[in-house]
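Trainee: heads up, no residue letters with this:
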DNA sequence: TAAGTGTTTAAGCAACATCTTACACACTTT
DNA sequence: AAAGTGTGTAAGATGTTGCTTAAACACTTA
């Protein structure tokens, strides 16, 4: 998960993931989409994504085709989803309590 | 989303998020959980998380209580979930096609 | 086998992130 | 008001990241 989240923290790499989500794309074709950075830079991002097991590579002749490897995101998604949803339901629960008893601010006490 | 994902990329910050998921926790109490790093380091992580809008702060007397702000994760979760699930269903679809017609490797052609 | 095409690796650099120590701030208690 | 407690900020050292240019590798075609 650590590698996956670190990899996904970079906006260029996220854009690459979107590109290779639905179909295989060659390194060159990917690089074309990022005119502002050099080919080697893209290649390095691809290496990072591969190392994080977020993409698969297929070599075909001269080229290398990249494609999303969604399983690689599983742990990261689970972590964030857990943080997100269980906490949201907690908030909802509190809202109900708030509605039930309109106790003014009780300050710290409860947490001490 | 960018800030949120960058914030979550750090393992210490992820651990902090877990700590403050279910209840408010004071800065000092958080710092106690990380004996290996200094208090200021923890404070800086808390600042990062606050800036990324991943936690809320409540000042009470001397202390500051932190708590998860799950809404801050919404975009990040949505992004990863989209990449994850839509791509998984794609794989499933392909598996069906694979089962239907056992065409041997057709190599690149389709992608050219 | 030589030249061409697609891609990665190497080396170096500038920017950024994370940690530490020292200090400052804010609130509390005496 | 002074001392104590909880916390954040500043400054600087160190490691990491992401980029660039130059070179190398791998496969294809003439």
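Mentor: Cool, got the structure. Keep in mind the model is a prediction, meaning the values are calculated, not measured. Numbers count the residues shown, from 1 in each chain, chains lettered A, B, ... in the order given.
Trainee: contacts, neighbours, all on C-alpha from now
Mentor: Will do.
Trainee: do you know the pLDDT at residue A:77?
Mentor: For residue A:77, the model assigns a pLDDT of 96.
Trainee: and it, what element?
Mentor: helix A:74-100 (DSSP states H and E).
Trainee: stretch A:63-73: which residues count as buried?
Mentor: Across stretch A:63-73, burial judged by 16 or more other Cα atoms under 10 Å in any protein chain shown covers A:65-73.
Trainee: what mean pLDDT does it have?
Mentor: Averaging pLDDT along stretch A:63-73 yields 97.
Trainee: what does chain A have sitting close to chain B?
Mentor: Taking Cα under 8 Å from any Cα of the partner chain as the measure of proximity, chain A contacts chain B at A:2, A:5-6, A:8-11, A:17-18, A:21-22, A:24-25, A:60, A:68, A:70-71, A:73-74, A:77, A:80-81, A:83-85, A:87-88, A:90, A:107-108, A:111.
Trainee: ok, and of these, which contact DNA strand D?
Mentor: With Cα under 7 Å from any atom of the strand as the criterion, these include A:9-10, A:60 near DNA strand D.
Trainee: could you look up the SS state of residue A:67?
Mentor: strand (DSSP: H, G, I helix; E, B strand; the rest coil).
Trainee: distance of it from DNA strand D?
Mentor: To DNA strand D, residue A:67 is 19 Å away according to Cα to the nearest atom of the strand, to the nearest Å.
Trainee: quick check, that residue in contact with residue A:21.
Mentor: Yes: with the criterion set as Cα atoms under 8 Å, residue A:67 and residue A:21 qualify as a contacting pair; they are 6.3 Å apart.
Trainee: who wins for most neighbours among the ones next to DNA strand D among the residues of chain A next to chain B?
Mentor: Most neighbours among these, by other Cα atoms under 10 Å in any protein chain shown: residue A:9, with 22 neighbours.
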